[in-house]
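Participant: Sequence and predicted structure are below.
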Amino acid sequence: MKLESKVPTGPIDKSWDKHRFELKLVNPANKRKFKVLVVGTGLAGSAAAASCAELGYQVESFCTQDSARRAHSIAAQGGINAAKNYPNDGDSVWRLFYDTVKGGDFRAREANVYRLAQVSNSIIDQCVAQGVPFAREYGGTLSNRSFGGAQVSRTFYARGQTGQQLLLGAYSALMRQVGAGTVKLHTRREMLDLVVIDGVARGIIVRDLVTGKVERHWGDAVLLCTGGYGNVFYLSTNANSCNVTATWRAYKRGAAFANPCFTQIHPTCVPVSGESQSKLTLMSESLRNDGRVWVPKKKADARKPQDIPEDERDYYLERKYPAFGNLVPRDIASRAAKQMTDEGRGVGGTGLSVYLDFADAIKRIGLDKVKEKYGNLFDMYSHITDENPYEQPMRIYPAVHYTMGGLWVDYNLMTTIPGLFCLGEANFSDHGANRLGASALMQGLADGYFVLPYTIGGYLTGTKLPKVTTEDKAFVEAENDVNMRTKALLGTKGKKTPTAFHRDLGRIMWDNVGMGRNAKGLQSALSQIPEVRAEFWKNVMVTGDGADFNQTLERAGRVADFLEFGELLAKDALVREESCGGHFREEHQTADGEAKRDDEKFAHVAAWEYKGEGKPAERHTEPLTFENAHIAQRNYA
Amino acid sequence: MNITLKVWRQKNASQPGALVEYTVKGIVPEMSFLEMLDTLNEQLIARGEDPLAFDSDCREGICGMCDLVIDGRAHGPDKGATTCQLHMRRYKDGDVVTVEPFRSKAFPIVKDLVVDRSSFDRIQAAGGFVSTNTGGAGEANAILIPHDKAEKAMDAASCIGCGACVAACPNASAMLFVAAKVSQYALLPQGMPEREKRVLAMRAAMDAEGFGHCTNEYECEAACPKDIKISNIARLNREFFRATLISE
Amino acid sequence: MEATPDCASKPCRIFEFLESSIGKKIMVAAAGVLLCGFLVAHLLGNLLMFVGGETFNRYAEALVSNPLLPLAEAGLVGLFLIHIVLSVRATLANRAARPEGYQVYTGKGARTPGSRTMALTGTLILVFVIIHVATLKYQLGGPKGVDLFAHVLGWFANPWYSIFYVLAVGGVGLHLSHGVQSAIQTFGFNHPRYTPLIRKAGLAFAFLIFAGFASLPVYFGFIHEPALACCPTEGGSK
């Protein structure tokens, strides 16, 4: 396998323009002859499907939910970055590029990030034109705020529902095309396999989740916009249906999977309350601007927080990182919380949380001011926990939130399978080892609106695409594979539910491949996961049949893929003998406990190639060079 | 605690359904209502029985996937919250809880508690958009929108398309949903070029789906998890009347 | 399903409006508001009964002898028909919109007694109007050969008739308790400052209409010496 990034040569600020010019154009009359399959209707998927249809391509769009509007992009709260520099505070495309590369701990491809920063402004223009109700100043101009510790105010937002509003904008653009008949929308369809003919992606196999019917769809290009794999940890802030199946199936058909170990853990989530918990809820990071994080100095201290005197509290972030205190980056805050609970100083019923205390803030700025700034977050918290954060400290704990890894793509967003593109969180390209706040929305929309619609044309004109039908051998075989798998899942008739297996996997992943990773833990995960997987295929219980609306079967299929994928994630984490961004290897840290990169050995993308059932995946590397952003170690102590 | 559930079970759209009783044991107050249903399903699957089909996804009240009418109330007893935000601490040991799907001709039942809300998508496709192609947008700050207008548009835009307005309406009317979308664009300058066309088309699509008429009972507003106001319906009425009068 | 209505011509647009869910409601509301105007005029006329039989009879005579009356009556019947026919059609469509009802339907408390009973009170009002017109306008049954005032008093002397009358105008009041503010909403007026006032004013209007109409049978049927009024003797009882 050769990883050709196809990054244009020459100065980085000209490379996208140059590349766009060099891409061949599709004759407008020919566009309708090409069919593009788009899997997923989140920001990337909806934006790409709508934009391709506007250009004249035939588009078919697929999503597992009952409506395209429900994709998980909708849950993003904070905002979307753009280098508009409206506040006149010194922002620029260059600065956004630099911050993103640095924030990603120098593990992203420079040219991709630069392009992302370049098109960020067009995204805001486009969304405003669609009627996205961004927050406004009294004069009628757009509001900005600073987000996630950025030194400039470059984040655009629509209350705490920015993801929702951007997605509804993209969804409305998509539905406009559906109404015009240029996009055929297939809801409640799950992609279960990719069809590759002569080494080129030519179709997909989907299951109609209502009738259970397995369908074959052909296309001239396939776009995977299927989101991240955070649910491999079972509990995450992802929606329940988020899964790795589409990208994993593509991997097994030959698409390289890059940097699976780059996962992001968000420090301020509502903690787990018990065994039955099905998901975790994120609260905005802004809480750490005024809240103070602490745990009791004594282990297993059962006293109420109010009864613990000041000198028996450990404000550990302020103690360990006096310069940044409670505002250290996400990964550092998360790891420190884990350290406290590992020491047995966690609080709450489960012992798996730490306090985030607003008592001092209330004293300092007053109750009203705290209410004004954080009222909605406090409401959300008390709704979930039934505790009043104005009277007693909040309890928080880190949770898996975003995955930077994904299918390897070149500068055109094409995977190692020609004709298979991957957009948004599902690809690996722009965030390196750590994503900055408010950058996920930016990337999803950049890929969908402003990158793919150009690059797909270059592919379609430059490639010979013989006519295929869904009766071709590859389609029949792929459908067969899907049916066999479904049969196997239904036929096992064991004793344990798919969710129970998912929970087992999640525990292994969280304990060993979570915030702090070490060789011993990773090896343990690598030996445990195959055991769980083996047990799964012997003892899973899937009720009902395949020709029906069967949510247990859906879940079982996704868990089965997570059980394979989790192993690759752990393996990638084991091989990457350095700490960077969200990937923290305990063996590789500075004296202050900060991540220690190894740029000599690991300034590269790791892309894994599937070599067949039972054979170890092969690790390929794409070297990363930093000619524009100067490589440097992070330091927050 | 233990709860007795009376749940609507229906194999598919063409077969009749009925309330079936289940006792769910070992519920803790921290559980969400949907986690309680998860628990029931885990027990059913372990016994080899067909688990209860119900929709949910983000489980934090924003995706609009979850529905359910709980004891006769869309999204359960809490105001301004979705079903997935309801917690079992609302209930006590021995309670009997009735769970039904959202009922409307325009939301046919798929299975058990799962309904098909694609009628909303079709209404959206009829006119719930601004016709602007990717790339054709001008500079964002060239359009000035007064703060209060933007806030009002945002109030309307926060609709999650869950369909609780339809479920709660005694007439199964979709007016609040349509009104929210029409209002968002009617309040913004971007929506002006298609102002009349949009409201006429969306109204026609709404009626074609078989939703009921609005008789101003305001149960939609009370059930809306996002507190969308009925003033939007007034605006929709106004917009429709105006468009009928002036459009060519 | 047609995505875009293709009503290029104006008559078609009007037809489409009348057929639409919103248009129907606007028409029902408009007819309802005009009927409210009639109610007010009618009530003011009726209240002349408190001034005295002669005044009331003179008013009635003036009304009947007005050549425009048949036109006004036809208009009134038209309003009733629009109001009733469109409401019935809307109600039927609403029933069809939920073929299978809820086993339990509680709601979240937005409905009012008035809003819940619109169809019921509407039907009651229709029955009442028919009886009312038959007995008091066309004077079927009741005392014969007397002036209108005596005729009305004669009917009010029947306690069952009076009770029915009070119940029916109670129905009108209940109908209006929802109808007035509902019509304003349907016309598209909703304002954070004025709407709460409109709701209160609607309730007050409904109550005044009820109290005004109900005062007649209550007073003339039960308080005012009914025995004296009942007998259509020469000259009546003064």
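Facilitator: Now that the structure is in, tell me what you want to look at.

Participant: Can you give the domain ranges for the chain?
Facilitator: Chain wasn't specified; assuming chain A. Chain A is divided into the following domains under automatic domain parsing: A:267-400, A:473-622.

Participant: Correction: the question concerned chain B.
Facilitator: Using automatic domain parsing, chain B is parsed into the domains B:3-111, B:117-246.

Participant: Quick one, which of the ones you listed gets closest to A:E622.
Facilitator: Shortest distance between A:E622 and the domains of chain B, using CB to CB, is found for domain B:117-246: 29.5 Å. All C-beta atoms are positioned from the backbone trio N, CA, C, and that covers glycine.

Participant: how about that closest one, does it reach chain A?
Facilitator: Yes: Domain B:117-246 is in contact with chain A by CB under 8 Å from any CB of the partner chain, via B:117-118, B:120-121, B:124-141, B:143-147, B:150-151, B:153-154, B:157-158, B:160-161, B:184-185, B:188, B:190-191.

Participant: so who does whichever residue of the stretch 501-637 of chain A sits closest to chain B touch?
Facilitator: At 4.3 Å from chain B, A:F549 is the closest residue in the stretch 501-637 of chain A, using CB to the nearest CB. Applying CB atoms under 8 Å, 6 or more residues apart in numbering or on different chains to A:F549 gives the contacts A:L209, A:V210, A:T211, A:G212, B:N12, B:A53, B:V110, B:K111, B:V114.

Participant: Show me what the last one is bridged to.
Facilitator: If I follow you right, that is B:V114. B:K111 (DSSP bridges).

Participant: quick check: mean pLDDT across the helix or strand encompassing B:Q184?
Facilitator: Per DSSP states H and E: B:Q184 is located in helix B:175-187. Mean pLDDT, computed over helix B:175-187, is 98.

Participant: for stretch A:24-34, same thing?
Facilitator: Confidence over stretch A:24-34 (mean pLDDT, whole number) is 94.

Participant: Report the buried residues of it.
Facilitator: For stretch A:24-34, the neighbour count (16 or more other CB atoms under 10 Å in any protein chain shown) marks A:V26, A:K31, A:F34 as buried.

Participant: Let me know the distance separating the second one from chain B.
Facilitator: I take that to be A:K31. 14 Å (CB to the nearest CB, to the nearest Å).

Participant: Could you do C:L148 as well?
Facilitator: C:L148 is 38 Å from chain B, by CB to the nearest CB.

Participant: Could you do A:N231 as well?
Facilitator: Separation of A:N231 from chain B (CB to the nearest CB): 12 Å.

Participant: Contact partners for the residue nearest in space to the middle of chain C?
Facilitator: Note on chain C: the residue nearest the mean C-alpha position is C:V172, at 5.4 Å, using CA atoms, centre = their mean. Shown in contact with C:V172 (CB under 8 Å, 6+ apart): C:L39, C:T121, C:I125, C:A206, C:I209, C:F210, C:F213.

Participant: in a strand, that's where the second one is, yeah?
Facilitator: No: counting by DSSP: H, G, I helix; E, B strand; the rest coil, C:T121 is not found in a strand; it is helix.

Participant: Let me know whether it touches C:L174 as I believe.
Facilitator: Yes: contact criterion CB atoms under 8 Å: C:T121 and C:L174 qualify, at 5.0 Å.

Participant: shared neighbours of these two, anything?
Facilitator: The contact lists of C:T121 and C:L174 share C:G114, where a contact means CB under 8 Å, 6+ apart.

Participant: burial of A:Y114, as a residue count?
Facilitator: Using other CB atoms under 10 Å in any protein chain shown, A:Y114 has 27 other residues around it.

Participant: I should have written C:E73 there, sorry.
Facilitator: 12.

Participant: What does it show for phi and psi?
Facilitator: phi -70, psi -40 (degrees, to the nearest 10).

Participant: Now the longest helix along chain C: average pLDDT?
Facilitator: Ranked by residue count, the top helix of chain C under DSSP state H comes out as helix C:21-51. Averaging pLDDT along helix C:21-51 gives 97.

Participant: got any ranges where the chain has weak pLDDT?
Facilitator: Using chain A. Residues of chain A meeting the criterion pLDDT under 70: A:635-637.

Participant: my bad, chain C
Facilitator: Along chain C, the parts satisfying pLDDT under 70 run over C:1-10, C:225-238.

Participant: can you give me the helices in it?
Facilitator: Under DSSP H, chain C gives helices at C:10-19, C:21-51, C:53-65, C:69-96, C:113-116, C:118-132, C:148-157, C:159-186, C:194-216, C:226-230.

Participant: Need the ones you listed in a markdown table (columns: distance to B:D78).
Facilitator: Formatted as a markdown table, the helices of chain C follow (distance: least, CB to CB, whole Å):
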| stretch | distance to B:D78 |
| --- | --- |
| helix C:10-19 | 39 |
| helix C:21-51 | 30 |
| helix C:53-65 | 57 |
| helix C:69-96 | 27 |
| helix C:113-116 | 23 |
| helix C:118-132 | 29 |
| helix C:148-157 | 52 |
| helix C:159-186 | 26 |
| helix C:194-216 | 24 |
| helix C:226-230 | 56 |
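
Participant: Among the ones you listed, which comes closest to A:L192?
Facilitator: helix C:69-96 (39.0 Å).

Participant: Check what contacts stretch B:131-144 and list those residues.
Facilitator: The contact list for stretch B:131-144 (CB under 8 Å, 6+ apart) reads A:47, A:50-51, A:54, A:84, A:86, A:122, A:124-130, A:139-142, A:173, A:176, A:449-450, A:453, B:189-190, B:193-194.

Participant: Buried subset of these as a ChimeraX selection?
Facilitator: Buried subset of the contacts of stretch B:131-144, written as a ChimeraX selection, criterion 16+ other CB under 10 Å:
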select /A:47,50,51,54,84,86,122,124,125,126,127,128,129,130,141,142,173,176,449,450,453 /B:190
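
Participant: Return the subset of the contacts of stretch B:131-144 lying in helices.
Facilitator: Using DSSP H, the contacts of stretch B:131-144 in helices are A:47, A:50-51, A:54, A:122, A:124-130, A:173, A:176, A:453.

Participant: Tell me which of the domains of chain B sits most buried.
Facilitator: Highest mean neighbour count of these: domain B:117-246, a mean of 23 (counted as mean count of other CB atoms under 10 Å in any protein chain shown).

Participant: what distance separates the start and the end of it?
Facilitator: End-to-end distance for domain B:117-246: 32 Å, by CA to CA, to the nearest Å.

Participant: Please state the offset of that domain from the chain centre?
Facilitator: Domain B:117-246 sits 13 Å away from the centroid of its parent chain (CA atoms, centre = their mean, to the nearest Å).

Participant: swap in stretch C:209-217?
Facilitator: 13 Å.

Participant: List the buried residues in that stretch.
Facilitator: Across stretch C:209-217, burial judged by 16+ other CB under 10 Å covers C:I209, C:F210, C:G212, C:F213, C:A214, C:S215, C:L216, C:P217.

Participant: So which of these is the closest to chain B?
Facilitator: Each of the buried residues of stretch C:209-217 was checked against chain B using CB to the nearest CB; the closest is C:I209, at 19.2 Å.

Participant: ok, now how distant is the closest one from chain A?
Facilitator: For C:I209, the distance to chain A - CB to the nearest CB - is 43 Å.

Participant: got the contact list for that residue?
Facilitator: C:I209 neighbours (CB under 8 Å, 6+ apart): C:C36, C:L39, C:V40, C:L43, C:V169, C:V172, C:G173, C:L176.

Participant: now do A:T469
Facilitator: Neighbours of A:T469 in contact, by CB under 8 Å, 6+ apart: A:W218, A:F475.
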